[in-house]
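Peer 1: predicted coordinates and the sequence they were generated for:
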Amino acid sequence: MPSLQSVISCLSDYDPSAMSVDQVASILADVIEPIRGIEQVAIRAGLDRVLAEDIVSPIDVPAHDNAAMDGYAFSSAALATATADGVTLDVAGTSFAGGAIGVTASATQAVRIMTGAVMPAGCDTVIPQEFVEVIDDGAGTQRIRFAADAVRAGDNRRLRGEDLARGQAALQNGRILRPADIGMLASLGIPEIKVRRRLRVAFFSTGDELRSIGEPLDPGCVFDSNRYTLHGMLRRLHVDLIDMGVVRDDPDALETAFRTACENADAIITSGGVSVGEADFTKQTMSRLGEVTFWKIAMRPGRPMAFGRITSDGHDALLFGLPGNPVAVMVTFYHFVRAALHRQMGAEVPPLPLFRVRSAGPIRKKPGRTEYQRGVLARGADGEWEVRITGQQGSGVLRSMSEANCFIVLGHDQGPVSAGGAVEVMLFDGLI
Ligand code: AMP
Ligand code: MG
């Protein structure tokens, strides 16, 4: 891995006390490299894991041209033989899904066919059964009749290999596998795949004012919520978690915690104790154990953040020292740590989309920092999508995150927004 110092020294305008969001993101991307371990797992166990190989289709899917509807297969040449009554064809047999292959039809014949059944030789089109009138002459031959304009040549037929042709790239190394991917692997008959080993992430809270649930809340103290928020956010990334609790502001306790974390995890996430005025031992301990920088980032919430790599007993780990304020923890996690951990786990994840919508009310904003306000996106009275901020936007107000369904991302150079003005939002929830 390149050292943090070597990456930073290549930047012309590097100032740790005035970092832009983009600068931080690009330093993280340059410094972090994927873990190497790979495991072989059954495809179902691959859900949410990072694929560690390219998958190329070993077969054509589907393996044969087949019917997309229940109906009658015939040759589209017959469409030109239509009379005023429509197209009339003799029924030559039936083709069932999974049934015998080898049914054939001449130009004047049709074959009764079920969805998924192999197209009979000589047929290229399927007329759905609801458009067909069946004529039984009582003499054993069945005929069908349908309007010529009820179908076009090639309709309701799936072509061999149209889903995936043999030799075609199906899934790429680095993909985080989703339900459709697992199904696609099954459709290729692939039983097992290579995935990256799970990333191990240790996390703890620092701060003498913190109390754990169950302890009395002494005057001036708060319950430690960051560890719970972090636990939830990390669970969604499907990493292995090491919850190290609350660590007192004591040099020995901090050193032991950082060393234990470092020896057991690929990445360490702490909250609290990284602000500039902080009179505690967290920053000193971080610096002593490795190469750690302390940034002031032009963003809100989430200004202070430490990043680096620490070493203990021959093991090293990435370190993310997040701010203490509960919303700042979430914002720095989603906008920096998430992508950094994806990178470390070997995942190729495209950036999340931003959507332009109307702001329901005015929003205060100063140019010169990126803001991540919490919003509720909903349809306005006129049916158009609009976003409204969730009340108090203080970096300690966790309710603003809980009530929101999106971030309103206000760029570095942006000034105040007036009611009805356009803003960009990043949605919290996706379907898959
Ligand atoms: P700090 O970054 O340590 O100066 O903390 C900033 C603010 O966040 C302070 O009000 C802390 O009490 C609060 N805070 C720090 N850690 C936590 C935590 N784990 N849970 C809830 N609040 C916290
Ligand atoms: Mg503190």
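Peer 2: Here it is on my side, so go on. Numbering: from 1, shown residues only. Ligands and ions are numbered 1, 2, ... in the order given.

Peer 1: how near is the residue in the chain that ligand 1 sits nearest to to ligand 2?
Peer 2: In the chain, the residue that lies nearest ligand 1 is Gly324 (2.3 Å; C-beta to the nearest ligand atom). To be clear about C-beta, it is placed using only N, CA and C from the backbone, and glycine gets the same treatment. Counting by C-beta to the ion, to the nearest Å, the gap from Gly324 to ligand 2 is 5 Å.

Peer 1: quick one, phi psi at Met330?
Peer 2: phi -70, psi -40 (degrees, to the nearest 10).

Peer 1: any stretches of the stretch 301-432 of the chain with poor pLDDT?
Peer 2: In the predicted model of the stretch 301-432 of the chain, no residue satisfies pLDDT under 70.

Peer 1: now the farthest one out in this structure, which residue is it?
Peer 2: Ala139 (61.6 Å; C-alpha atoms, centre = their mean).

Peer 1: end-to-end on stretch 380-388?
Peer 2: With C-alpha to C-alpha, to the nearest Å as the measure, stretch 380-388 spans 10 Å from end to end.

Peer 1: check whichever residue of the stretch 51-200 of the chain sits closest to ligand 2 and give its pLDDT.
Peer 2: Nearest residue of the stretch 51-200 of the chain to ligand 2, counting by C-beta to the ion: Arg200, 26.0 Å away. Model confidence at Arg200, given as pLDDT, is 98.

Peer 1: just to revisit the earlier point, tell me the spacing between the residue farthest from the centre of the chain and Asp90.
Peer 2: Using C-beta to C-beta, to the nearest Å, Ala139 is found at 12 Å from Asp90.

Peer 1: and Ala202, which of the three is it?
Peer 2: Reduced to three states with DSSP: H, G, I helix; E, B strand; the rest coil, the structure at Ala202 is strand.

Peer 1: could you shift the numbering so residue one becomes 291, and keep it that way?
Peer 2: From this message on, residue numbering opens at 291, which makes the last subject Ala492.

Peer 1: what bridges to it?
Peer 2: Ile532, Ile558 (DSSP bridges).

Peer 1: hang on, it packs against Gly535?
Peer 2: No - look at Ala492 against Gly535 with C-beta atoms under 8 Å: they stay out of range, at 10.7 Å.

Peer 1: these two: which is more packed in?
Peer 2: For Ala492 versus Gly535, the count of surrounding residues by other C-beta atoms under 10 Å is larger for Ala492: 24 against 12.

Peer 1: tell me who's in contact with that one.
Peer 2: Going by C-beta atoms under 8 Å, 6 or more residues apart in numbering, Ala492 touches 531-534, 550-551, 554-555, 557-559, 607.

Peer 1: where along the chain do the helices fall?
Peer 2: Taking DSSP state H, the helices of the chain run over residues 294-299, 311-321, 469-477, 516-525, 541-554, 572-579, 616-622, 628-634, 689-693.

Peer 1: and ligand 2, which of the ones you listed is closest to it?
Peer 2: Comparing the helices of the chain under C-beta to the ion, the one sitting nearest is helix 572-579, at 7.7 Å.

Peer 1: other SSEs contacting the closest one?
Peer 2: Counting contacts by 3 or more C-beta pairs under 8 Å, 6 or more residues apart in numbering; DSSP states H and E, helix 572-579 packs against helix 541-554, strand 594-602, strand 605-612.

Peer 1: tell me which of these sits most buried.
Peer 2: Most buried of the helices and strands packed on helix 572-579, by mean neighbour count (mean count of other C-beta atoms under 10 Å): strand 605-612, with a mean of 23.

Peer 1: near ligand 2 at all, that strand?
Peer 2: No - using C-beta under 5 Å from the ion, strand 605-612 never reaches ligand 2; the gap is at least 11.3 Å.

Peer 1: hmm, that strand touching ligand 1?
Peer 2: No - using C-beta under 6 Å from any ligand atom, strand 605-612 never reaches ligand 1; the gap is at least 8.4 Å.

Peer 1: neighbours of the closest residue to Ala407 other than its chain neighbours, just the number please.
Peer 2: Nearest non-adjacent residue to Ala407, counting by C-beta to C-beta, 6 or more residues apart in numbering: Ser385, 4.2 Å away. When neighbours are counted by other C-beta under 10 Å, Ser385 registers 25.

Peer 1: how about Asp305?
Peer 2: 11.

Peer 1: per-residue pLDDT, Gly392?
Peer 2: At Gly392, pLDDT is 80.

Peer 1: ditto for the one 5 residues further on
Peer 2: Reported pLDDT at Ala397 in the predicted model: 92.

Peer 1: so it touches Leu369, yeah?
Peer 2: No - with contact defined as C-beta under 8 Å, Ala397 does not count as touching Leu369 (10.9 Å).

Peer 1: with neighbour numbers in mind, choose between these two.
Peer 2: Higher neighbour count among Ala397 and Leu369: Leu369, with 19 against 11, using other C-beta under 10 Å.

Peer 1: pretty sure that one sits against Phe436.
Peer 2: No - between Leu369 and Phe436 there is no contact under C-beta under 8 Å: 9.8 Å.

Peer 1: phi, psi of the nearest residue to Ile349 once chain neighbours are set aside?
Peer 2: Of all residues not flanking Ile349 in the chain, Arg456 sits nearest, at 5.5 Å (C-beta to C-beta, 6+ apart). In this entry, Arg456 is assigned phi and psi values of phi -50, psi 130 (degrees, to the nearest 10).
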